[in-house]
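K.L.:
Structure for this input, please:
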Amino acid sequence: MADTSDIRTPAQIEADIKRRREVLAETLDELGMRVHPKTIVGDAKAKVASSVDHTLGRAYVGVNRVVSDVKSQFVDEEGAPRMERVVPAALVVVGVVGLLALGGTRRRRR
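P.N.:
Residues are numbered from 1 along each chain as shown. Purely as a prediction, here's the structure:
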């Protein structure tokens, strides 16, 4: 004799078909959203934004490290300026600015 637990009624079969249709419809809707041009563009924008954020974050860390290194050259551990390094650097900057200013006035006169 056959096991009666495997026998399904027409109502059970119809309910199973209905459930499977609903799952299939949800899957098709999800696939439709994934391949929609707006979704693809949105995903691409999000990837680019993430990449830019990551790159800018790395650049910020790198610049911060350089600034800290330069600062440590001109400021001691207590935060006081190292005059033996500040004065020569200031003189170099003033000299370069002076040369640039002279070069600019010479060009204007010609």
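
K.L.:
Distance of residue 6 relative to residue 49?
P.N.:
55 Å (CB to CB, to the nearest Å). In short, each C-beta sits where N, CA and C put it, glycine included.

K.L.:
Of the two, which one has the most company?
P.N.:
Ranked by neighbour count (other CB atoms under 10 Å), residue 6 and residue 49 place residue 49 first, with 10 against 6.

K.L.:
Tell me the helices and strands packed up against the helix or strand encompassing the more buried one.
P.N.:
Assigned by DSSP states H and E, residue 49 belongs to helix 37-74. Counting contacts by 3 or more CB pairs under 8 Å, 6 or more residues apart in numbering; DSSP states H and E, helix 37-74 is packed against helix 83-109.

K.L.:
Counting by contacts, list what the helix it packs on packs against.
P.N.:
Contacts defined by 3+ CB pairs under 8 Å, 6+ apart place helix 83-109 against helix 37-74.

K.L.:
and residue 74, how many neighbours does it have?
P.N.:
For residue 74, the neighbour count with other CB under 10 Å is 14.

K.L.:
got the contact list for it?
P.N.:
81-82, 85-86, 89 (CB atoms under 8 Å, 6 or more residues apart in numbering).

K.L.:
Could you measure from residue 100 over to residue 13?
P.N.:
Residue 100 is 89 Å from residue 13, by CB to CB.

K.L.:
chain center to the lowest-mean-pLDDT helix or strand in the chain, what's the gap?
P.N.:
Here the helix or strand of the chain ranked lowest by mean pLDDT, DSSP states H and E is helix 83-109, holding a mean of 85. Distance, stretch centre to chain centre, for helix 83-109: 39 Å (CA atoms, centre = their mean, to the nearest Å).

K.L.:
Same check on stretch 36-56?
P.N.:
So, by CA atoms, centre = their mean, the centroid of stretch 36-56 is 9 Å from its chain's centroid.
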